[in-house]
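Q: Give me a 3D structure for the following:
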Amino acid sequence: MKNDYISEIYEKDKLVLHPYENFNDRGTYNRKLITKSDNIYLYDENGNKFIDGPGGMWCNNIGHGNREIGEAVKNQIEKMDYCSPFSESTEISAELASVLADLSPGDLNTIFFTSDGSTANETALRFVMFYNNILGKPNKKHIITRDKAYHGSTYLTGSITGKDREKNNFDFEKNFIHHLSSPLPYRRPKDQTPEQFCDFLVKEFENKIEELGSENVAAFIAEPILASGGCIVPPEGYYKKIYDVCKRNEIIFIADEVVTGFGRLGHFFSSEKVFGVVPDIITCAKGITSGYLPLGAVLFSDKLISDLKHDSSLFFHGYTYSGHPACCAAALKNIEILKRDKILEHVREIEPYFFDKLNTLYELPIVGDIRGKGLMAGIECVINKDSKEALVLDKAIGSRIDEESIKLGLIIRPLYHICVLSPALIITKSQIDDLTEKLYLAISNTIDQLQKEGLWSNQK
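A: Below is the predicted model:
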């Protein structure tokens, strides 16, 4: 592309306030300008090719540049672009609702469409409050969540999020939101086995319910794997034990499958298939369209809906773009492709290879933990492997590694001292080889740079 045109675009981009942007860096940050995408790759204005390690934002499941999605969206817009979801129905949203009900576990057969994951989780929480008001339980409003959880960017979902609260300078709802310990086995006390750590987490949950009174606790919300918190996989059996506590105390169990849904763990929904739980509510987004268009959904159990069927109150909640026809068309075609091309089976088959290759990073002296499931992984960097002390410098180590990896043609997602990967689900073994080789070299180069700057030494 011509330099004058690119310069003009960069100038115009300075008008954009990007997500998670530092105000001091506005207009100076060297953000990549992506002009093309295909398969697992992104291309910048100079034609440089990058592996899209984060898969967009955990969402590009079928890969970039799929023309079938574009054609499905085009056809839908040409046929019928939009009508109000408050007063009309559409063929395409009804069809998608039917497909989601068939794919979901148990009796989750009522579908509410939203614009994204934040609005899906917001809807789930507001429904819980509405539900308990209708049932004559106005005090049953407390929500229990976890440190390092991420559930969205609205006021309510930001309040239940347990990630970065000490850094982001926003206000939160504190009267009825409660955070439990992060279920990260790597950070458990040295004298605890994984089983003991799991028991501690469950007991902590039970103690919090006892403290608040089960009659006052409305819901527990959880990502099966805490994604943006650092790709945290809870200890074995944790999810089911927490679910059982919820059932004993009449607490609604909300599974936030915004990241883990639609193939990321090798299944359309992972709660039952991977963790043995059929939630009361599932929220989803991201992979539902593979990121091609924004769409979210909330799936409610028949039990919850039937409890309300004799009440005439309106559910005063909705969005202008609930069930937008073009977005639903993208989702239906995306699901068709995931099924037809056996992409979920591919994830399950290639998962062991993915982690075998990533585990070679343990050879590097700052790599303390490699964790994940399916095609999502977190690589945690530490000062030394014995102390597990996080490697925190003047600039986050993850950002330094990202800078080095970009030079090699790989984009990762840096989360302070953690490097996150969630590539497109169509990734091949040879592409995994290329990704891990680039990441190995990027971390090695970062170590060399830190040593030259006197910021780190290989401590034993």
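
Q: For the residue lying closest to Gly261 once chain neighbours are set aside, name its beta-bridge partners.
A: Once its chain neighbours are removed from consideration, Gly261 has its nearest residue in Cys284; the separation is 4.2 Å (C-beta to C-beta, 6 or more residues apart in numbering). Bear in mind the C-beta positions are built from the backbone N, C-alpha and C, glycine included. Taking DSSP bridges, one finds Ala297 as the beta-bridge partners of Cys284.

Q: Over stretch 24-40, what's the mean pLDDT, rounded is fine.
A: For stretch 24-40, the per-residue pLDDT values average out at 86.

Q: correction: stretch 364-372
A: Confidence over stretch 364-372 (mean pLDDT, whole number) is 96.

Q: Report the buried residues of that stretch.
A: Within stretch 364-372, the residues that qualify as buried by neighbour count (16 or more other C-beta atoms under 10 Å) are 364-372.

Q: of these, closest to Arg26?
A: Taking C-beta to C-beta as the measure, Ile366 is the one of these closest to Arg26, at 30.9 Å.

Q: Hmm, Ser457 and that closest one touching each other?
A: No - applying C-beta atoms under 8 Å as the test, Ile366 and Ser457 come out as separate, 11.0 Å apart.

Q: Max pairwise distance over the buried residues of stretch 364-372: which two?
A: Farthest-apart pair in the buried residues of stretch 364-372 is Pro365 and Gly372; separation 21.1 Å (C-beta to C-beta).

Q: quick one on the thing from earlier: what is the neighbour count of the residue nearest to Gly261?
A: When neighbours are counted by other C-beta atoms under 10 Å, Cys284 registers 29.

Q: got it, and Ile426?
A: Going by other C-beta under 10 Å, the residues that sit close to Ile426 add up to 22.

Q: what sits against it?
A: Ile426 makes contacts with 39-40, 62-63, 341, 343, 346, as judged by C-beta atoms under 8 Å, 6 or more residues apart in numbering.

Q: And for Asp44?
A: With the criterion set at C-beta under 8 Å, 6+ apart, Asp44 makes contact with 32-35, 50.

Q: can we see that at 10 Å?
A: Contact partners of Asp44, counting by C-beta atoms under 10 Å, 6 or more residues apart in numbering, are 1, 6, 32-36, 50, 406.

Q: Repeat that for Tyr292.
A: With contacts defined as C-beta under 10 Å, 6+ apart, Tyr292 is in contact with 56, 59-62, 64, 66, 69-70, 72-73, 326-327, 329-331, 333-334.

Q: And for Lys373?
A: Contact criterion C-beta under 10 Å, 6+ apart gives 224-225, 231, 233, 260, 264-266, 270, 274-275, 347, 351, 354-355 as the residues in contact with Lys373.

Q: Next, count neighbours for the spatially closest residue to Leu410 that is not a sequence neighbour.
A: The shortest distance from Leu410 to any residue that is not its chain neighbour, by C-beta to C-beta, 6+ apart, is 4.1 Å, and that residue is Lys438. By other C-beta under 10 Å, the residues close to Lys438 number 22.

Q: roughly how far apart are Lys438 and Ile51?
A: Counting by C-beta to C-beta, to the nearest Å, the gap from Lys438 to Ile51 is 7 Å.

Q: Would you mind measuring the gap between the ends of stretch 140-155?
A: Separation of the first and last residues of stretch 140-155 by C-alpha to C-alpha, to the nearest Å is 20 Å.

Q: if we can go back for a sec, of the contacts of Ile426, just say which sits nearest to Leu425.
A: Of all those, Leu425 sits closest to Ile343, with 5.1 Å by C-beta to C-beta.

Q: Can you go through the contacts of Tyr292 and name the buried ones?
A: Buried residues within those, defined by neighbour count using 16+ other C-beta under 10 Å: 56, 59-62, 64, 66, 69, 72-73, 326-327, 329-331, 333-334.

Q: what about Gly230, which helix or strand?
A: If you go by DSSP states H and E, Gly230 is not part of any helix or strand.

Q: Next, count neighbours for it.
A: 24.

Q: Likewise for the one 3 residues further on?
A: With neighbours defined by other C-beta under 10 Å, the count for Val233 comes to 19.

Q: Over to Ser430?
A: Around Ser430 there are 8 other residues, counting by other C-beta under 10 Å.

Q: host element of it?
A: With DSSP H and E as criterion, Ser430 is part of helix 429-452.

Q: Can you give the distance of that helix from its chain's centre?
A: Mean C-alpha position of helix 429-452 versus that of the full chain (C-alpha atoms, centre = their mean, to the nearest Å) differs by 24 Å.

Q: Would you confirm that Cys246 contacts Val202?
A: No - under the criterion of C-beta atoms under 10 Å, Cys246 lies out of contact with Val202, with a separation of 11.1 Å.

Q: Give me the more crowded residue out of the two.
A: Here Cys246 and Val202 are compared on neighbour count by other C-beta under 10 Å; more neighbours surround Cys246, at 24 against 19.

Q: residue nearest the centroid of this protein?
A: Central residue check for the chain by C-alpha atoms, centre = their mean: the C-alpha nearest the mean position is that of Val259, 3.4 Å away.

Q: give me every residue that touches it.
A: Val259 makes contacts with 55, 57-59, 117, 150, 223-228, 231, 265, 270, 284-287, 376, 422, as judged by C-beta under 10 Å, 6+ apart.

Q: Find the helix or strand that Glu173 is a member of.
A: In this structure, Glu173 is located outside every helix and strand according to DSSP H and E.

Q: Walk me through the domains of the protein.
A: Domain assignment for the chain, taken from automatic domain parsing, gives 32-62+342-452, 68-340.

Q: how much distance is there from the shortest one to the middle of the chain?
A: Averaged C-alpha coordinates place domain 32-62+342-452 at 16 Å from its chain's average position (C-alpha atoms, centre = their mean).

Q: okay, how far is it across it, tip to tip?
A: Here the two ends of domain 32-62+342-452 are set 27 Å apart, with distance taken as C-alpha to C-alpha.

Q: what does stretch 361-378 give?
A: The straight-line separation of the ends of stretch 361-378 (C-alpha to C-alpha) is 12 Å.

Q: now swap in stretch 240-259 and tell me
A: Terminal residues of stretch 240-259 lie 19 Å apart, using C-alpha to C-alpha.

Q: quick thing: my sequence starts at 30, can you match it?
A: OK, 30 is where the count begins now, so the last one is stretch 269-288.

Q: buried residues in that stretch?
A: Under the neighbour-count criterion of 16+ other C-beta under 10 Å, stretch 269-288 has 270-272, 274-275, 278, 280-288 buried.

Q: which two in the residues you listed are spaced the farthest apart?
A: Within those, two members stand farthest from each other by C-beta to C-beta: Asn278 and Val288, at 26.9 Å.

Q: host element of Val449?
A: Using DSSP H and E, the element containing Val449 is strand 447-450.

Q: Let me see the ranges of the strands in the stretch 130-279 of the chain.
A: For the stretch 130-279 of the chain, strands defined by DSSP state E, counting those that start in this stretch occupy the ranges 137-143, 171-175, 206-209, 246-251.

Q: what's the closest of the ones you listed to Asp477?
A: Closest of those to Asp477 is strand 171-175, at 36.7 Å (criterion: C-beta to C-beta).
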